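Colleague: One predicted model, sequence on top.
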Amino acid sequence: MGYEINWNVNAGDPVLQSPQYQKYSQYTIGGLAVPPEIAAIKTAIKDARASRESAAVINYLVWLLRLLHWWRNRCLKQSQRR
């Protein structure tokens, strides 16, 4: 069973000013797809408040994890074909 990896936000959305978005948007996907960065994203989710105000940031971080999981599986499959 698969899942959507798409995420979008309108220009000017407050999530774009969040420290988490500001931090991770500076990385390439390959740069984030390493265990220390994945662990940092999981920690950011764990440390987020379970509130309506945090929902957009949590949504962004969860999207990153889904994307990184897809990316790592894709790279693994490609390396197994070689």
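Modeller: Cool, got the structure.
Colleague: can you pull the contacts of Tyr27?
Modeller: Residues near Tyr27 by C-beta atoms under 8 Å, 6 or more residues apart in numbering: Glu37. Heads up, the C-betas are built off the backbone N, CA and C, glycines and all.
Colleague: And the helix ranked longest in the chain, what does it pack against?
Modeller: The residue-count maximum for a helix in the chain (DSSP state H) belongs to helix 55-81. Applying 3 or more C-beta pairs under 8 Å, 6 or more residues apart in numbering; DSSP states H and E, we find helix 55-81 packed against helix 19-24, helix 29-32, helix 35-47.
Colleague: Which helix or strand in this protein has the lowest average pLDDT?
Modeller: Counting by mean pLDDT, DSSP states H and E, the chain has its least confident helix or strand at helix 55-81, which shows a mean of 88.
Colleague: For that helix, list every residue counted as buried.
Modeller: Neighbour counts over helix 55-81 (16 or more other C-beta atoms under 10 Å) mark Ala56, Val57, Ile58, Tyr60, Leu61, Trp63, Leu64, Leu67, Leu68, Arg72 as buried.
Colleague: No further queries at this time; thank you.
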